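Undergrad: Fold the stuff below for me.
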Amino acid sequence: ASLQEALGFDEYGRTPQYGFRDLIGEQGFVVSHEAFPRKVLTEMQEQLLKVNPDAIWMQTSWRYQSWLAEYYKEGSLMFVDLSADNRPKWNTNNEFGGTQWLWSMLFNFGGNTGMGGGMDRIAENVIGDFQKSSYMKGVSISPEGGDTNPALYALMAEMTWRSTPPDVEQWLKDYAKRRYGAENYAAAQEEIDSAWKMLHETVYSDFVSGDGPSQTLINASPKLSGAIARVYGSNAKVYASEDIYPIWETMLQAAEKMPELNAQFRYDLVDITRQALGDLSGDLYSRIKPNYDAANKEKTLRYADLMVTLCADMDSILATTPEFLLGTRLEGAKNRGVTDTDMLYYEKLERSFLTYWIIDNPNSGGLSDYCNRHLSGLMTDYYGMRWQVFRDHLETALDGGLTASQFNSTEQPKVNAEIQEKVVSWTADRTPYPTEATGDPAAVSAALLTKYQPLITEIYGASDSKKDLPLDGITATAGNEQATT
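TA: Modelled structure (predicted):
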């Protein structure tokens, strides 16, 4: 490619003001000798400024080195403080040595599906840091996956226009009214405001430490203890699992009052339902090993079976909304290709990306499940498959009287091998998945709450009576669209 093409010029030759080709990234320079960055950066800048004397080169902060700015003309470099939302760098290095920079929210690593994020931190810190800074020039949103948590991204996108922090509770009321429509909001204002207030105080109260969002155990590769959905991730949440169930109930109450559920409300209802079930998986998983250690076969297999069932039930609610369909992702991947060979490659690449990361290399290990997602189709055929394999080996081990240590040394390798064989086969498979949503989100969500209410009560105890939902009163026919089904 020509320099102009590499810098993003369009067919009319219009000059971009900003160029972005991160020459350092996560690994640092490929050659450590100082002459290499000096030569590369100097020549790169010279060529860029020949094309546009006012151009500014964007550089991420991942591997910031104090000498970087030395090789740029003053004013022609701007740093993106990628994770200023959670792990800022600008305030530990004199604002990148006195270089202009952007306050960036990264938040989502791997495109994971979890809800979360610190709304108050965004509202306060973007403005507060700008007032304390001498070189901050704006904001940036730089997620590895931006198709989750629309309220969080909406708030962050708005911060570039604000000079004072918003009242987040009032902002959420206004956001919900815009999102669901004035008529729906008026019909169920009490329930909608209550649900979003609870979300603000729990799910959106802060960012998790480390790489967010928080993970759900249902996505983890099964083992007796210490399972985690992905490397660098965390099972920790900033709220208690039981906090989300009153929110789920309240959203269903809102659905009952709305004249017609629009796509945005349906998405949020599905998102909260899937998060509630995903959070439940952590507390089911934590009960497997103590019962295994006690040689209680009935209870061990009960909780293992529930993990399999959760996968199927999560699949059913995800199938009701187009944004959560595996088939949509696979079709999008295939559409990047031109020939049939291209399309086969890109579909296999996407299937590998969602599972063991590196195409044709299931033994790469390090980043397996880095891009774990809650998608209809993936929940049953990948995550459900893994928990079923684990469950079956638990039964074999219990029948054989194996201790946990013996299970780890003899059965766990068999679990891993069987799962790998099945997932390699799945990544090479070309069976199509649905690309159109099926089912009524409110009806499916209400049915799942009815199904899981006894288990929720068993694990967490009875909820606040003021938030209890009369399950026998839910008709799941809220809205004109639902009422005609």
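Undergrad: Quick check: residue 98 touching residue 135?
TA: Yes - assessed by C-beta atoms under 8 Å, residue 98 is found in contact with residue 135 at 6.4 Å. Every residue, glycine included, has its C-beta placed from N, CA and C.
Undergrad: more crowded one of the two?
TA: Each of residue 98 and residue 135 had its neighbours counted (other C-beta atoms under 10 Å), and the higher figure belongs to residue 135 (15 against 12).
Undergrad: Next, the contact list for that one, please.
TA: Residues counted as contacts of residue 135 (C-beta atoms under 8 Å, 6 or more residues apart in numbering) are 90, 95, 96, 98, 99, 100, 101.
Undergrad: if we go to 6 Å?
TA: 95, 100, 101 (C-beta atoms under 6 Å, 6 or more residues apart in numbering).
Undergrad: who touches the helix or strand hosting residue 179?
TA: Using DSSP states H and E, residue 179 sits within helix 168-180. Surrounding helix 168-180, the residues in contact under the criterion C-beta under 6 Å, 6+ apart are 119, 120, 123, 185, 192, 193, 196, 200, 264, 265.
Undergrad: May I have the phi/psi pair for the closest residue to the third one other than its chain neighbours?
TA: Spelled out, that is residue 123. Sequence neighbours aside, residue 165 is the residue nearest to residue 123 in space, at 4.5 Å (criterion: C-beta to C-beta, 6 or more residues apart in numbering). Residue 165 adopts backbone torsions of phi -60, psi 140, taken as degrees, to the nearest 10.
Undergrad: pretty sure residue 165 contacts residue 126?
TA: No - counting by C-beta atoms under 6 Å, residue 165 sits too far from residue 126 to count as a contact (8.0 Å).
Undergrad: higher neighbour count, the two?
TA: Set residue 165 next to residue 126 and count neighbours by other C-beta under 10 Å: residue 126 wins out with 24 against 16.
Undergrad: the inter-axis angle of the helix or strand encompassing the more buried one versus helix 168-180?
TA: Of the helices and strands defined by DSSP H and E, residue 126 is found in helix 119-132. Relative orientation of helix 119-132 and helix 168-180, computed by axes from the mean of the first three to the mean of the last three C-alpha atoms, to 10 degrees: 120 degrees.
Undergrad: Which positions within helix 119-132 qualify as buried?
TA: By 16 or more other C-beta atoms under 10 Å, the buried positions in helix 119-132 come out as 119, 120, 121, 122, 123, 125, 126, 127, 129, 130.
Undergrad: A strand includes residue 138, no?
TA: Yes - judged by DSSP: H, G, I helix; E, B strand; the rest coil, residue 138 forms part of a strand.
Undergrad: who's in contact with it?
TA: Residue 138 neighbours (C-beta under 6 Å, 6+ apart): residue 102.
Undergrad: Could you check how far it is from residue 419?
TA: The gap separating residue 138 from residue 419 is 46 Å, by C-beta to C-beta, to the nearest Å.
Undergrad: ditto for residue 447
TA: As judged by C-beta to C-beta, residue 447 and residue 419 stand 30 Å apart.
Undergrad: hey, where'd the strands end up in the protein?
TA: Assigned by DSSP state E, the strands in the chain fall at 18-20, 56-60, 77-81, 101-105, 136-141.
Undergrad: out of the ones you listed, deepest packed?
TA: Comparing these by mean neighbour count (mean count of other C-beta atoms under 10 Å), strand 101-105 ranks first with a mean of 25.
Undergrad: and that strand, how far out from the chain's middle?
TA: Chain-centre distance of strand 101-105: 20 Å, with C-alpha atoms, centre = their mean, to the nearest Å.
Undergrad: Output the contacting helices and strands for that strand.
TA: The helices and strands touching strand 101-105, judged by 3 or more C-beta pairs under 6 Å, 6 or more residues apart in numbering; DSSP states H and E, are strand 77-81, strand 136-141.
Undergrad: Parallel or antiparallel, which strands does the first one pair with?
TA: By that I understand strand 77-81. According to DSSP bridges, strand 77-81 has the following sheet partners: strand 56-60 (parallel), strand 101-105 (parallel).
Undergrad: what about dumping the CA coordinates of it to PDB?
TA: Below are the C-alpha coordinates for strand 77-81, written out as PDB (Å, rounded to 0.1, in the frame of the first residue of the first chain):
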ATOM      1  CA  LEU A  77       1.900  13.400  18.800                       C
ATOM      2  CA  MET A  78      -1.200  12.600  20.900                       C
ATOM      3  CA  PHE A  79      -1.400   9.700  23.400                       C
ATOM      4  CA  VAL A  80      -4.600   7.700  24.000                       C
ATOM      5  CA  ASP A  81      -4.700   6.800  27.700                       C
END
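Undergrad: Would you pull up how far that strand lies from the middle of the chain?
TA: In terms of C-alpha atoms, centre = their mean, the centre of strand 77-81 is set 25 Å apart from its chain centre.
Undergrad: angle of that strand against strand 136-141?
TA: 50 degrees.
Undergrad: what about residue 447 and residue 419, which has more around it?
TA: Ranked by neighbour count (other C-beta under 10 Å), residue 447 and residue 419 place residue 419 first, with 22 against 18.
Undergrad: Surely the more buried one touches residue 389?
TA: Yes - between residue 419 and residue 389 there is a contact under C-beta under 6 Å: 5.4 Å.
Undergrad: now the helices for the stretch 301-450 of the chain?
TA: Residue ranges of the helices in the stretch 301-450 of the chain, as given by DSSP state H, counting those that start in this stretch, are 326-334, 340-354, 378, 385-399, 404-406, 412-428, 441-460.
Undergrad: CSV for those, including distance to residue 107 and mean pLDDT?
TA: Shown next, in CSV, are the helices of the stretch 301-450 of the chain (distance: least, C-beta to C-beta, whole Å; pLDDT from 0 to 100):
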stretch, distance to residue 107, mean pLDDT
helix 326-334, 20, 97
helix 340-354, 20, 95
helix 378, 22, 98
helix 385-399, 27, 98
helix 404-406, 36, 98
helix 412-428, 28, 96
helix 441-460, 25, 97
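Undergrad: Point out the most buried one among the ones you listed.
TA: helix 378 (a mean of 27).
Undergrad: Which single one of the buried residues of helix 119-132 is nearest to residue 304?
TA: residue 119 (36.6 Å; C-beta to C-beta).
Undergrad: quick one on the thing from earlier: may I see the strands paired with strand 77-81 organised as JSON lines, with mean pLDDT and distance to residue 436 added?
TA: Output for these, formatted as JSON lines (pLDDT from 0 to 100; distance: least, C-beta to C-beta, whole Å):
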{"stretch": "strand 56-60", "mean pLDDT": "86", "distance to residue 436": "38"}
{"stretch": "strand 101-105", "mean pLDDT": "96", "distance to residue 436": "33"}
